[in-house]
Each structure stands twice: as C-alpha cells, then as structure tokens.
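# Sharing a model that was predicted from the sequence below.
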Amino acid sequence: MNRSIPSLERPTSGDPFALNQASALPYKVTRDGLMICLITSRKKQRWGFPKASIQGVDKKETARHAAHEKAGVTGKLSTSPVGRYRRLKNGQICEVSVYGLEVKENMGEWPQSRLRQRKWIKASAAADLLVKPELQDMLERVRRSLSCQLPA
C-alpha cells in the first residue's frame, strides 16, 4: 500500500528577505489509525514538529536532518511540501516548508534527546497539543491526504 502524501503545494511569496526553514511532520499508519510524532521546543516546551533553518542544503535535506536531530526519527519524506506557513522569528519573517515524513525508524536515543521530549499520539488528539494554528493546519492537511489509506 502506498502511503505517500500527495503534494498540496502553495506558491510562496518569494520574499528575498525572509528566513527559510524546513520542517518534517512525522507520522505512521498503524492498526489504531494515524499516529503523529510531536516534540517539545527547547525554551518554551511547546509541542510541535521538528524544523530547522536552511543553511547550505535543500529544504528536503533540512527537514530530514531536523527530524533525525530533534525527534530521533527517519523515514520517507514527501516529494514536495504538504504546505507552507509564515511566522515571525526574532522580528523577521520566516517561511517554513513542511514535508510529511512516513517514519521507518524510531531511535531510542538521538542527538537532542536530552533537550526535548518526544510523544507519539493519535492524530485526532494531536491538534489539541499544538498551540499554533499553522501547525494545526499542517496536521489537518496530512490527515486529509492520508484518510483514504487509514484502517476503518
């Protein structure tokens, strides 16, 4: 069964002054349904998805690296972003491209395991832990795109 996420790409603003980040939205389909991997931010301990600034590599590689370093997961990334959102980071506009990541490996220890918590949770409950509406939107996009592949 193919569990890849189709592209829901939106055009970007192309703002040359915006910071660019990439994020992975880790998931796995189980008998119990769609499970999402959330991690806490280092400072405020809010739940979210792993993301990082793009520095010298492409967006997909940045999302893959963030998932490994910050959440301790690896797997298959969607070919294109499931969506994008903008946020303020230190007073500057930041554009974040979000890729779905079908998790194949869940490490016991990972580079930032002492700095962050990781939690696997049903997708239906994950939105309640996400404070930021743009993260809830990305989660809903993944849920909709995978809904036909989930167990009844």
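That came in fine, so what should we check first?
# Spatially, what comes nearest to residue 103 if we skip its sequence neighbours?
residue 75 (4.2 Å; CB to CB, 6 or more residues apart in numbering). For glycine as for every other residue, the C-beta is placed from the backbone atoms N, C-alpha and C.
# Mind listing what's buried along the strand or helix carrying the one you found?
Here residue 75 sits within strand 73-77, counting by DSSP states H and E. For strand 73-77, the neighbour count (16 or more other CB atoms under 10 Å) marks 73, 74, 75, 77 as buried.
# close enough to count as contact, the second one and residue 65?
No: at 10.2 Å, residue 74 and residue 65 do not qualify as touching, with contact defined as CB atoms under 8 Å.
# Would you state the strands of the protein in chain order?
With strands called from DSSP state E, the chain shows them at 19-30, 33-40, 47-48, 51-53, 73-77, 83-89, 92-106, 118-122.
# what about the nearest residue to residue 51 once chain neighbours are set aside, neighbour count?
Nearest non-adjacent residue to residue 51, counting by CB to CB, 6+ apart: residue 23, 3.5 Å away. Residues near residue 23, counting by other CB atoms under 10 Å, number 28.
# Can you name the residues bridging to residue 23?
Beta-bridge pairing for residue 23 (DSSP bridges): residue 51, residue 98.
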